[in-house]
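> Here's a sequence, model it:
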Amino acid sequence: MPFLAIEISEVNRGKLGTVLWIFNWISAGCGVFIAAMGIYFKISVESKMALIEHYNSNVLPLMLAIVGCLSVVLFLAGGKICHSSGQTHSRDKFKGFLQPYICVTLVLAILILAGGSMCFDHRRHLHHSFHRGIRSAMERYKDNTTFKTEIDELQMDFRCCGNNDYRDWFDIQWISNAYLNLQNQDVKEKMKNGHYLNDDVPFSCCDPRAKRPCIHHHITDNNQHYNYDFNVAMTIYQRGCKAALTDYFSVRLENMGGIIMLIFVAQLIVLIGVRYLQTSIYNASVSGDPTMSTPGWLMGDCPLNCGRIPKSVRDKGLKDTESKKTDVESGQDKVSGQGKVSSEPAAQTAEEPIYEEPPAEP
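Here you go, the predicted model:
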């Protein structure tokens, strides 16, 4: 028995073809959007590559770009196929492309689903990559101008400090020995394993919204500053940059993934519509009248044998054939019956005439 069968008239087949043509053009526009999202993500990640370790920034953008470009090409062609198949005068030329189009669109829908899933999965990859990358950049802060600039811009732009929080700077020597008086007793006291460690953070951690001048040296020593208690009010950012960057990209990846999932649902709707159009046209063809109302469905009697003539249409065709055969036979009987009636008088006239015996002579 067909699954979710719907009777579709010739007029509705034309309307369905037009609707699918519009949906395919919209889907082509969605393909452009998917490719654009891949390019946007690539540019965004590349701007922070100095802070990322062990992350391939090409995988997700390349996946989205390929899927987007394939979507544009496929759905532009699919719009033409669906619209022309819905019209009686052009149906014979394009209806043969409907089933291959369904198969290719199904594969593309799976790729779109994979792209959306990758967007959600890459949040986890970026989280670990930022953890390693930011920590590594902080350790090079004192000697490498490039990493120093990246870290300072990161902390000012994202209003963050350190990797997990500002205390990460306490375990890293971020001031070069060239700017330290190594003979100073205070400096010597703070040298640990050859590294100068103190409760200081770079100036880029300063929060401009703080009321008092920024305190980024001796942060946890209240005695070093007047009217200051670091437990009550600090003048630096307290949020870690790993969390700030992860949230920034996570929101964008979630939005991208959500949009791609909506596009995937739209592709399923297009697939269902094309399948109904294809099966209805096929059933009308095998019935002998391409313009008659026939059912369309998602799956026929045998889902694994799509080329098999559906039972309902096959039975209808057999009934029509038997009806025509009966009409022919009845016509032949009528003609032969008329022939017999007209031939009997002719047979009688062909026989010798029968006369009564004449009366005997007297």
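> how does the chain divide into domains?
Domain assignment for the chain, taken from automatic domain parsing, gives 6-136+243-312, 166-238.
> could I get those as TSV with distance to residue 142 and mean pLDDT?
Any C-beta I mention is one placed from the backbone N, CA and C, and that applies to glycine too. Formatted as TSV, the domains of the chain follow (distance: least, Cβ to Cβ, whole Å; pLDDT from 0 to 100):
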stretch	distance to residue 142	mean pLDDT
domain 6-136+243-312	13	85
domain 166-238	4	90
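> Deepest in the core, which of these is it.
Most buried of these, by mean neighbour count (mean count of other Cβ atoms under 10 Å): domain 6-136+243-312, with a mean of 18.
> Check the offset of that one from the chain's centre.
Using Cα atoms, centre = their mean, to the nearest Å, the mean C-alpha position of domain 6-136+243-312 is found 5 Å from that of the whole chain.
> What's the separation between the residue sitting nearest the centre point of the chain and residue 63?
Geometric centre of the chain, nearest residue: residue 112, 2.9 Å, by Cα atoms, centre = their mean. From residue 112 across to residue 63, the span is 10 Å (Cβ to Cβ, to the nearest Å).
> Locate the nearest residue to the residue nearest to the centre of the chain once chain neighbours are set aside within the secondary structure: which element?
Leaving out its chain neighbours, the residue that sits closest to residue 112 by Cβ to Cβ, 6 or more residues apart in numbering is residue 264, at 4.7 Å. Assigned by DSSP states H and E, residue 264 falls within helix 241-287.
> next helix or strand past that helix?
Using DSSP H and E, the helix or strand that directly follows helix 241-287 along the chain is strand 294-296.
> How about residues contacting that next one?
2, 5-8, 275-280, 283-284, 287, 312-313 (Cβ atoms under 8 Å, 6 or more residues apart in numbering).
> Quick check: the farthest pair among these?
275 and 287 (18.6 Å; Cβ to Cβ).
> Walking through the stretch 101-250 of the chain, point out its strands one by one.
With strands called from DSSP state E, counting those that start in this stretch, the stretch 101-250 of the chain shows them at 191-192, 195-196.
> Residue 105 is nearest to which of those?
That would be strand 195-196 among the strands of the stretch 101-250 of the chain, by Cβ to Cβ, at 60.5 Å.
> Need the residues that contact the closest one.
172-173, 175, 177, 180, 187, 190.
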